[in-house]
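Q: Whatever this is, show me its structure:
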Amino acid sequence: MAVKALLTFLIISYVFMGLAYAQEADTQTKLPKESIVQKTHEALSKGVFSLSRRLDSILGAESVEDEKSTSSVKLSYSSIFLERDNPSYLFKIKSRLVLPKTEKRFQLVLHNLRDEVSEDRVKTAEEETLGAEQDPKKTVKESDFSAALRYVHTEQKKFRIHTDGGVKFKIPLDPFVKLRARENIELSASELEFKQGAEWFKSSGVAIGGSISYLKKLNHSLFFSQPNVARWTEELKITEFQNGVSFTQLLPSERSLSYYFSASGLNKPAVAVHSYTLGITFRTWMAWRWLIFEVTPFGFWARNKNFTFQPGFVTRLEMTVGHF
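A: Coordinates of the predicted model:
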């Protein structure tokens, strides 16, 4: 059974890798710009920019002329298929309204992300749902929306600090405060990226997380990264961790392939790895650059299933309204 599952996983991976290279032939294909879909997207984008300007006029005092808006709303829908489990579906939204009249110090943020402190995991489609949990379906059910006012203390090319203050929409309302910092240090032929986050929710207390990632450009189209992530929560009194490696290969027409492997675990009852994930993600923009499609065949080994191989795949569609 395990051999059959492994062969299935390898065949699916091979098919999608072939698909990625086959699509290079249509790089010159041009799509109609005045379609109904495109006009609808432009109207929605104008609505986002208009809302951003109105809020900017309320909170800001100084006029900023000819300032290109970078406000955006990202919507994504994922379908997760894992052997011996029913399919799961995940919808995410994340919006960021930039306010230039406040000297870009303030932003309005709305999202339903499960966890922003540890968002630095290996960037794969199924990591949105698998994470370090023993049950790969557990986080699919978490879809609480929250809104916050973000204050950007400093923002430079290699250094950024911001604070979020807001509420999670539940009964009763759950107020929170978040602090997040990022710094990139250039080495001779590579780069180190440090991220640190701390948050407090009235319902769950304090959580602290951070990551150290090693980034290296191997050639003009191949990139290597090695993220190492940890997160401690006061509510559960445990530390989650994840270590992994990934290679990203850029293809023509803004397509890419990502090959990755990661190990996730907990520190209780003892420090131990609870799952391994191996997969390939094919990413491409669809008819327009604001619409992106991803497909990820992957293999999953969980401790609570005696590390038995489970093949699966994820499809993900992401749309950006506004600046992209």
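Q: just checking, Asn184 touches Leu192?
A: Yes - if you go by CB atoms under 8 Å, Asn184 and Leu192 touch, sitting 7.2 Å apart. C-betas here are computed from N, CA, C, even on glycine.
Q: what packs against the particular helix or strand that has Phe282 in it?
A: Phe282 is part of strand 272-285, with elements assigned from DSSP states H and E. In this structure, strand 272-285 makes packing contacts with helix 2-22, strand 255-266, strand 291-302, judged by 3 or more CB pairs under 8 Å, 6 or more residues apart in numbering; DSSP states H and E.
Q: pretty sure Pro172 is in a helix, no?
A: No - read with DSSP: H, G, I helix; E, B strand; the rest coil, Pro172 is coil and lies in no helix.
Q: residues in contact with it?
A: By CB atoms under 8 Å, 6 or more residues apart in numbering, no residues touch Pro172.
Q: Can you give me the pLDDT of it?
A: With respect to pLDDT, Pro172 has a value of 89.
Q: quick one: it from Arg316, how far?
A: Applying CB to CB, to the nearest Å, the value for Pro172 to Arg316 is 33 Å.
Q: Phe169 now?
A: For Phe169 relative to Arg316 (CB to CB), the value is 24 Å.
Q: For the two, work out which one has more neighbours and name it.
A: Arg316 (21 against 13; other CB atoms under 10 Å).
Q: Which strand or helix spans the more buried one?
A: In this structure, Arg316 is located in strand 309-322 according to DSSP H and E.
Q: same check, this time on Gln38
A: helix 36-59.
Q: got the buried residues for the helix or strand following that helix?
A: Proceeding N to C from helix 36-59, the next assigned helix or strand is strand 72-82, under DSSP H and E. For strand 72-82, a neighbour-count test (16 or more other CB atoms under 10 Å) marks 72-74, 76, 78, 80, 82 as buried.
Q: And these, which is closest to Lys92?
A: Ser76 (4.7 Å; CB to CB).
Q: okay, the angle between the strand holding Phe282 and strand 291-302?
A: Orientation check (axes from the mean of the first three to the mean of the last three CA atoms, to 10 degrees): strand 272-285 against strand 291-302 gives 160 degrees.
Q: Direction included, what does strand 272-285 pair against?
A: strand 255-266 (antiparallel), strand 291-302 (antiparallel) (DSSP bridges).
Q: hmm, which helix or strand of the protein has the shakiest average pLDDT?
A: helix 2-22 (a mean of 49; mean pLDDT, DSSP states H and E).
Q: And for Glu234, nearest residue in space, chain neighbours not counted?
A: Gly205 (3.6 Å; CB to CB, 6 or more residues apart in numbering).
Q: Pull the contacting residues for that neighbour.
A: Neighbouring residues of Gly205 by CB under 8 Å, 6+ apart: 233-235.
Q: Please apply the same query to Thr154.
A: 160-161.
Q: repeat for Thr163
A: So Thr163 contacts 150-151, 153, 177-180 (CB under 8 Å, 6+ apart).
Q: Let's verify it: helix, strand, or coil?
A: Applying three-state DSSP: Thr163 is strand.
Q: Pairing partners for it in the sheet, please.
A: Counting by DSSP bridges, Thr163 forms beta bridges with Tyr151, Leu179.
Q: How much space separates it from Ala181?
A: 10 Å.
Q: next one: Trp288
A: From Trp288 to Ala181 the distance is 35 Å (CB to CB).
Q: Model confidence score at Ile208, please.
A: Value for Ile208, per-residue pLDDT: 96.
Q: Direction included, what does the helix or strand hosting it pair against?
A: Applying DSSP H and E as the criterion places Ile208 in strand 205-217. Here strand 205-217 is paired, per DSSP bridges, with strand 191-201 (antiparallel), strand 222-233 (antiparallel).
Q: need those strands in a markdown table with distance to Asn306, mean neighbour count and mean pLDDT, can you?
A: Shown next, in a markdown table, are the strands paired with strand 205-217 (distance: least, CB to CB, whole Å; neighbours: other CB atoms under 10 Å; pLDDT from 0 to 100):
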| stretch | distance to Asn306 | mean neighbour count | mean pLDDT |
| --- | --- | --- | --- |
| strand 191-201 | 34 | 17 | 95 |
| strand 222-233 | 25 | 18 | 95 |
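Q: need these in JSON lines with distance to Pro311, can you?
A: Formatted as JSON lines, the strands paired with strand 205-217 follow (distance: least, CB to CB, whole Å):
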{"stretch": "strand 191-201", "distance to Pro311": "32"}
{"stretch": "strand 222-233", "distance to Pro311": "24"}
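Q: Lys46 is nearest to which of those?
A: Per CB to CB, nearest to Lys46 of these: strand 191-201, 33.6 Å.
Q: how about the closest one as PDB, C-alpha atoms only?
A: The C-alpha coordinates for strand 191-201 follow below in PDB (Å, rounded to 0.1, in the frame of the first residue of the first chain):
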ATOM      1  CA  GLU A 191      21.500  36.800   3.100                       C
ATOM      2  CA  LEU A 192      20.200  36.200   6.600                       C
ATOM      3  CA  GLU A 193      16.600  37.200   7.400                       C
ATOM      4  CA  PHE A 194      15.500  37.700  11.000                       C
ATOM      5  CA  LYS A 195      11.900  38.100  12.100                       C
ATOM      6  CA  GLN A 196      10.500  38.500  15.600                       C
ATOM      7  CA  GLY A 197       6.900  38.800  16.700                       C
ATOM      8  CA  ALA A 198       5.000  39.100  20.000                       C
ATOM      9  CA  GLU A 199       1.300  39.300  20.400                       C
ATOM     10  CA  TRP A 200      -1.300  39.500  23.200                       C
ATOM     11  CA  PHE A 201      -4.900  38.400  22.900                       C
END
